[in-house]
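> return atomic coordinates for the entry below.
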Amino acid sequence: MKHSLRWGVTLMSLIAWACGAEPLPMLEPAARSFSFAVLGDLHFSRPAFERQQTLRAIAASLKTVQPPLALVCHTGDLVSGEDANHRQWDAAGMAEEFAGALACVTNAFQVPFFMAVGNHDRHGGGTVYAQTILPFFSRSLSMPVSRPYFAFCYGNACFVFLDYMEYKATARREPEYREQQAFLEETLAAVRANPGIRHVFAFGHYPLWAVATPGYENVRFTSSVAPALAAHPADAYFCGHTHNTGAWVRKIGETSLTQIKGVAIDASDPLIPMEERRALLIPRAEMPYGWGYLSGPSDGHYLVNVDERRVRVQLRSGDKTVRAFEWQTPGHVVTTMVAEPPARRTVSSEDLAGAKAAALVFTAWRPAPSAALIYRPEQWAVQEVEAGIIVNGEPAGTARIKAAPYWAAFLRETRVPLPAEACKRLKAANDVTLTNPGGAVFGVGSVRLEVTLADGSALGSAVCDRFYFSAPRPDGQESAHAAYGWDLIPAALRDSVAAGEPLGPLPVRFLAGDQTLIRR
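You can find the predicted model right below:
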C-alpha cells in the first residue's frame, strides 16, 4: 500500500495490558485531522466481480478529499457468497471471492481497509472469513487478529469492529456474546483513560435497532453492546445489512447513540424517504434526530471528516453530497445540508375523487408452511390468503397475501389496483378494512394509497403507522412462533383481532396542504 502505517505503543496500550486485554495498535499517532470512508454491502460475486465499477467510481471520487483519505471501513457483506440461485459457495468458492474482492478494494483505494463481518461473509462453512480476512487485518495492524471483533486507533480516534454473531440470538452463543461485551467494555475503559483519544467509531453489520425492516436485528447483540457504546459515549455506530440508508439518534437510558446505516448497491434515483413508504418501528419521541431512505444513491458512501473536536459526515453519490450532518458532542447531531426535495403540490378532496387510478399498497407477513405446524395447523391448507378489501365502506377488490420466510416478513410490497368506482370514493381521510372469512393468520403494515390524478401526476398518502394482525399473539408452547410475526413489531405499534374477524378499519390519510409527488 502507498499509505504508510506507523506502530506506536501509547498509554492506552499499557492500560489495556494492565486490564488483561490485548494492546490496541496505533496507526499514525500524530494525526489530529483526517478523513475516512464508510461503505456497506458491496456483495462482490465471482466470477465477474461486477461491483468493481461501483468501487472504482467511489474511490475516484475520494482521491482529492481534504483532509486526505486515511482509511476505508466496511460494514459487512463484502462478498455475496452465493450464486444467482442463492446457492452458497463452498469453501473454495468463498476463498476465490474474498481474494478477488480484497484485490479490488486495495487496488482502488491504496489505503488501509477494515471491515465488520457480514452474514454473507460467513458462507462456505463460516471458516473462510477467519482464514482469509483476519490474516489480512493482522498484516495491516502488525499484530495477530484472531477474532471477528477487534479495535485499533488512528490519531485521536478509536475504531471498534464488532461481530453480530448470528441471525437470531441463541443460548449456544451466549459465552461469545459475553466475551465480545467484555472486550468492548475493556476497550472503552482504555479509551477513557487516554486523554489523547477524543472519538470512538464502532462498526457492525447488523443494525442495533431496525427502523423500518422488522426483524433485521439481533436483540442479544444489541443488548450486549449498545449500553456500553451509549454510556461511553461513542460518536457513532455504522452498520448495513438492511440495504437502507440513514442516520438516527436514539435515546438509551440517560444518553443517546447515533446509528448510521448505508449501502453501496441497490441505488435509487430519486432517493425515496423511508417514512413515505414504511411505518417506522421506533417512536419519534425516542429519536431526537433521524432521517432515512429506502435504499441508497448510486455509488453511495459516507465521507467522515474528523478533527480535534468535531465530526462531519457526508452522504455522497460519487463526488456529489446528498446530505451532510455533524456533531461536536456525541448524540447531538445537526443537519448542515440537504439536497433539494422533490416537487410538491396541494391536493384537494375534489382532486382525489377525480383520480384516474389508485392502488392499495402494504407490506405483509404470513407464516411459511414450515412454521404452520406450530400455530393452528388446520388453517394452513393453502399458502396464499385472499383477503377482501373494503375502502370507505364499499368492496374494492381482493388482496393475495403469500407466505414468506421469516427474513421476508413485512419486507416486500403488495400492490392491489382499486376499481374505478373505489377511486371515486377516495377522500382526504379513508378507512380501509381487510376481511378474513377463512380465519387465516397474517399481518399487514405500512399501509398506504397511491393515486394517479386526472392530470397524470402520482400522489401518495401518509403511511399508516400501525401493524394489524388477523389473530392474537400465541402464548405458551406456541410463543416461539411469535418471533416470526407479532414479536417483530413493538407492542405499541400493533393491533390484533380475533381469528376470522375483519382487520380494521385502517386509517389512511392524505396530509392536509402540500403533498409529495411520487416520481415514476
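> mind listing the helices for the protein?
Assigned by DSSP state H, the helices in the chain fall at 11-18, 52-61, 91-109, 128-141, 174-192, 219-231, 349-353, 369-372, 420-424, 479-482.
> residue 410 touches residue 447, doesn't it?
No: counting by CB atoms under 8 Å, residue 410 stays clear of residue 447, with 11.1 Å between them. (C-beta placed from N, C-alpha, C; glycine too.)
> before we move on, the earlier item: so which of the helices of the chain is nearest residue 260?
helix 219-231 (12.6 Å; CB to CB).
> list the buried residues of that closest one.
Residues of helix 219-231 classed as buried by neighbour count (16 or more other CB atoms under 10 Å): 220, 221, 222, 224, 225, 226, 227, 228, 229, 230.
> same question for stretch 408-424.
Quick answer for stretch 408-424 (16+ other CB under 10 Å): 408, 409, 410, 411, 414, 416, 418, 422, 423.
> make a markdown table out of those residues and add pLDDT and distance to residue 80.
Listed next are the buried residues of stretch 408-424 as a markdown table, based on pLDDT from 0 to 100; distance: CB to CB, whole Å:
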| residue | pLDDT | distance to residue 80 |
| --- | --- | --- |
| 408 | 85 | 18 |
| 409 | 89 | 23 |
| 410 | 94 | 24 |
| 411 | 92 | 19 |
| 414 | 94 | 27 |
| 416 | 97 | 33 |
| 418 | 96 | 38 |
| 422 | 93 | 42 |
| 423 | 92 | 42 |
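> which one of the helices of the chain lies nearest to residue 269?
Of all these, helix 52-61 comes closest under CB to CB, at 14.1 Å.
> and the closest one with helix 91-109, angle?
30 degrees (axes from the mean of the first three to the mean of the last three CA atoms, to 10 degrees).
> with distance to residue 120 added, can I get the helices of the chain in JSON lines?
Formatted as JSON lines, the helices of the chain follow (distance: least, CB to CB, whole Å):
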{"stretch": "helix 11-18", "distance to residue 120": "32"}
{"stretch": "helix 52-61", "distance to residue 120": "16"}
{"stretch": "helix 91-109", "distance to residue 120": "10"}
{"stretch": "helix 128-141", "distance to residue 120": "10"}
{"stretch": "helix 174-192", "distance to residue 120": "20"}
{"stretch": "helix 219-231", "distance to residue 120": "17"}
{"stretch": "helix 349-353", "distance to residue 120": "44"}
{"stretch": "helix 369-372", "distance to residue 120": "22"}
{"stretch": "helix 420-424", "distance to residue 120": "43"}
{"stretch": "helix 479-482", "distance to residue 120": "26"}
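> tell me which of those lies nearest to residue 261.
With CB to CB as the yardstick, what comes closest out of the helices of the chain is helix 219-231 (13.9 Å).
> export the closest one as CSV, just CAs?
Extracted as CSV, the C-alpha positions of helix 219-231 are listed here (Å, rounded to 0.1, in the frame of the first residue of the first chain):
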residue,chain,number,x,y,z
VAL,A,219,-31.6,-8.3,20.2
ARG,A,220,-28.9,-10.2,22.1
PHE,A,221,-26.2,-8.5,20.1
THR,A,222,-27.8,-5.1,20.7
SER,A,223,-28.3,-5.6,24.4
SER,A,224,-24.6,-6.7,24.8
VAL,A,225,-23.0,-3.7,23.0
ALA,A,226,-25.4,-0.8,22.8
PRO,A,227,-25.4,0.2,26.5
ALA,A,228,-21.6,0.4,26.6
LEU,A,229,-21.4,2.4,23.4
ALA,A,230,-24.1,4.8,24.6
ALA,A,231,-22.5,5.2,28.1
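> from the chain's centroid, how far away is that helix?
Its chain's average C-alpha position is 17 Å from that of helix 219-231, according to CA atoms, centre = their mean, to the nearest Å.
> quick one on the thing from earlier: rank the helices of the chain by mean pLDDT and give me the bottom one.
For these, the bottom mean pLDDT is recorded on helix 11-18, which sits at a mean of 39.
> out of the helices of the chain, flag the one nearest residue 393.
Taking the helices of the chain one by one with CB to CB, helix 420-424 is closest: 10.5 Å.
> and the closest one, what does it pack against?
strand 357-365, strand 394-402 (3 or more CB pairs under 8 Å, 6 or more residues apart in numbering; DSSP states H and E).
> flag the shaky bits of the protein, pLDDT-wise.
Filtered on pLDDT under 70, the chain yields the residue ranges 1-23, 168-169, 342-343, 369-382, 476-483, 512-520.
> got the domain ranges for it?
Per the record, the chain has its domains at 11-338, 345-518, by automatic domain parsing.
> from these, which stretch is densest packed?
domain 11-338 (a mean of 19; mean count of other CB atoms under 10 Å).
> just checking the distance from that domain to the centre of its chain.
11 Å.
> offset the numbering so it begins at 23, please.
Sounds good: first residue 23 from here, last item domain 33-360.
> from residue 119, how far off is residue 104?
Look at residue 104 and residue 119: by CB to CB, to the nearest Å, they are 10 Å apart.
> mutual contacts of these two, please.
Counting by CB atoms under 8 Å, 6 or more residues apart in numbering, the contacts common to residue 104 and residue 119 are 67, 111.
> now distance to residue 181 too, for the helices and strands packed on helix 442-446, in CSV please.
Formatted as CSV, these follow (distance: least, CB to CB, whole Å):
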stretch, distance to residue 181
strand 379-387, 36
strand 416-424, 43
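> closest to residue 266 among the buried residues of helix 241-253?
The shortest approach to residue 266 among those belongs to residue 244, at 16.7 Å (CB to CB).
> list the contacts for that closest one?
Contacts of residue 244 (CB under 8 Å, 6+ apart): 230, 231.
> roughly how far apart are it and residue 74?
34 Å.
> grab the nearest non-local neighbour of residue 452.
residue 530 (4.6 Å; CB to CB, 6 or more residues apart in numbering).
> pretty sure that neighbour is touching residue 488, no?
No: taking CB under 8 Å as the definition, residue 530 is not a contact partner of residue 488, at 11.0 Å.
> can you pull out the strands in the stretch 273-422 of the chain?
277-283, 311-315, 322-328, 333-339, 342-349, 356-360, 366-368, 379-387, 406-413, 416-424 (DSSP state E, counting those that start in this stretch).
> residue 509: which of those strands is closest?
strand 379-387 (11.3 Å).
> can you list the strands that that closest one pairs with?
Partners of strand 379-387 in the sheet, by DSSP bridges, are strand 435-439 (antiparallel), strand 465-474 (antiparallel).
> that one vs strand 406-413, what angle?
Using the same axes, to 10 degrees: strand 379-387 against strand 406-413 is 140 degrees.
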